[in-house]
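Asker: 3D model of this:
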Amino acid sequence: MRVVRRGHQLVTMTPEIREFLNEPRLLFVTKSAVRSRVHRRVYMDYVGIKRFHGDGRLAGEIRIIGLFTSTAYTRSTRTIPYLRRKVDAVVRRAGFDPDGHSGKALVNVLETYPRDELFQIDEDTLYRFSLAILQLDERPRVRVLPRRDRFDRFVSVFVFVPRDLYGSDARKAIGDYLADVYKGHVSAFYPFFPEGPLVRVHFIIGRRDGATPDPDREILEKAVGEIVRTWIDGLMEALSAVHAGSKARARLERYRNAFSEGYREAYSPLIRGRRYPGHRGAVAEPSARRRLSPPRTGPRRQHRAQGVELRPADPAVGTGARAGEYGLPGGRRADLPDRGRTSARTRCLVPRHVSGACRRRRGRLDGQQAKARGDVPGRDARRRRKRWL
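Answerer: Numbers count the residues shown, from 1 in each chain. I've put the predicted structure just below:
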């Protein structure tokens, strides 16, 4: 069994493999564990022909190891008898009119199916996968279609992701995630760019030892969707949770450029139960609000503001040319730079050279607190206000 070993170990006879060998199917095709030394440096094809006794018991196997010719990959499935029977069975089972739109679309899915997979996959799995791929034409979305090898040596995974979100970083992240889930390694990957908004990536996850995990497909699709999802996608999801479709899209157009790249890297669109940054229902008072927190590293005077609410400018706060730089109402930035002194004790968090109204409002508040404590209004209040400035 050297040609079907897993890693450096021979494949053991499991109940699943024994059940497969006892099936009344004479011919099967898979991949061997040995690479070809001539022509193409790839894993050789394994063609097995079962032999049975007169009473139906398995007697042995005729094993053919080698490489299919290039015509097996370039010709139509209709010209290869082994594939033609498999494709005809799927089309007949689907019940579509061969001359209709759905019938032709299904045939196109089968013709563009990876040829090695088409040789190895069984009819039931091919039927389910081909219909799932056909539905992506009408409703494009993230889709993950895993198939385990009959001898438990590798997992073949089809991943469909939006073309605009696909790149080398996304492909590597998805491959690393699949390798971690199936406790293996990325043996190979084959991207394919068909017509339409999706990209298909075929991953081969090699296995070495232990039982192959069988995660739920919905869990895989949710995880892959999180990998390729952008910050704007998350913001749209948060907006759609509290607003109707047209209103959510209008708000997305209003806020999509309101947050800097640094803010997007630091915070999720959903912050501590808020629907989305800047949501009007997330604050109680009608003025601009920020939640200030000290940084984990760096000078103690630096603070980060999150949950900024963008609204038309308030004359009481000031609408100078520099107000927009600091994320004030009417501005665009959500980060609060370390320019001037700020204090976490007050909600008026602006540098002192930006707004004098803020400092005057703070001074009145200090005077009221000093009067309530019985302090000397002039001297003590001025001293505290001087320390704050």
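Asker: hey, C-alpha coordinates of the host helix or strand of Ala238 in PDB?
Answerer: Secondary structure from DSSP states H and E places Ala238 in helix 231-240. Extracted C-alpha coordinates of helix 231-240, given in PDB (Å, rounded to 0.1, in the frame of the first residue of the first chain):
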ATOM      1  CA  TRP A 231     -14.500  47.000   7.800                       C
ATOM      2  CA  ILE A 232     -17.100  48.700   5.500                       C
ATOM      3  CA  ASP A 233     -18.900  45.300   5.100                       C
ATOM      4  CA  GLY A 234     -19.100  45.100   8.900                       C
ATOM      5  CA  LEU A 235     -20.400  48.700   9.100                       C
ATOM      6  CA  MET A 236     -23.100  47.900   6.500                       C
ATOM      7  CA  GLU A 237     -24.100  44.800   8.500                       C
ATOM      8  CA  ALA A 238     -24.400  46.900  11.700                       C
ATOM      9  CA  LEU A 239     -26.400  49.600   9.800                       C
ATOM     10  CA  SER A 240     -28.800  47.000   8.300                       C
END
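Asker: What residues of it count as buried?
Answerer: Trp231, Gly234, Leu235, Met236, Ala238, Leu239, Ser240 (16 or more other C-beta atoms under 10 Å). (C-beta placed from N, C-alpha, C; glycine too.)
Asker: and that helix, what does it pack onto?
Answerer: Judged by 3 or more C-beta pairs under 8 Å, 6 or more residues apart in numbering; DSSP states H and E, the packing partners of helix 231-240 are helix 245-255.
Asker: any idea of the angle the helix it packs on forms with helix 231-240?
Answerer: For helix 245-255 against helix 231-240, the angle by axes from the mean of the first three to the mean of the last three C-alpha atoms, to 10 degrees is 140 degrees.
Asker: What residues of helix 245-255 count as buried?
Answerer: Neighbour counts over helix 245-255 (16+ other C-beta under 10 Å) mark Ala248, Arg251, Leu252, Tyr255 as buried.
Asker: now, the most widely separated pair of those residues?
Answerer: The distance between the two most remote of the buried residues of helix 245-255 (C-beta to C-beta) is 10.7 Å, for Ala248 and Tyr255.
Asker: Do a quick rundown of the helices in the stretch 1-150 of the chain.
Answerer: Assigned by DSSP state H, counting those that start in this stretch, the helices in the stretch 1-150 of the chain fall at 15-21, 71-74, 81-94, 101-111, 115-120, 123-135.
Asker: Make JSON lines out of these and add mean pLDDT, distance to Val201 and mean neighbour count.
Answerer: Output for these, formatted as JSON lines (pLDDT from 0 to 100; distance: least, C-beta to C-beta, whole Å; neighbours: other C-beta atoms under 10 Å):
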{"stretch": "helix 15-21", "mean pLDDT": "70", "distance to Val201": "27", "mean neighbour count": "12"}
{"stretch": "helix 71-74", "mean pLDDT": "90", "distance to Val201": "19", "mean neighbour count": "11"}
{"stretch": "helix 81-94", "mean pLDDT": "93", "distance to Val201": "23", "mean neighbour count": "15"}
{"stretch": "helix 101-111", "mean pLDDT": "93", "distance to Val201": "16", "mean neighbour count": "16"}
{"stretch": "helix 115-120", "mean pLDDT": "94", "distance to Val201": "13", "mean neighbour count": "19"}
{"stretch": "helix 123-135", "mean pLDDT": "95", "distance to Val201": "13", "mean neighbour count": "16"}
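Asker: So which of these is nearest Gly167?
Answerer: For Gly167, the closest of these is helix 123-135, at 22.1 Å, according to C-beta to C-beta.
Asker: re the thing from before, go through the buried residues of helix 245-255 and say which is closest to Tyr73.
Answerer: Taking C-beta to C-beta as the measure, Tyr73 sits nearest to Leu252 out of the buried residues of helix 245-255, at 44.7 Å.
Asker: My guess is that closest one contacts Glu237. True?
Answerer: No: if you go by C-beta atoms under 8 Å, Leu252 and Glu237 don't touch, sitting 10.2 Å apart.
Asker: So in this structure, where's the weakest helix or strand by average pLDDT?
Answerer: strand 291-293 (a mean of 49; mean pLDDT, DSSP states H and E).
Asker: circling back to that earlier point, could you export the helices of the stretch 1-150 of the chain as JSON lines, including distance to Lys172?
Answerer: Listed next are those as JSON lines, based on distance: least, C-beta to C-beta, whole Å:
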{"stretch": "helix 15-21", "distance to Lys172": "32"}
{"stretch": "helix 71-74", "distance to Lys172": "27"}
{"stretch": "helix 81-94", "distance to Lys172": "32"}
{"stretch": "helix 101-111", "distance to Lys172": "27"}
{"stretch": "helix 115-120", "distance to Lys172": "22"}
{"stretch": "helix 123-135", "distance to Lys172": "24"}
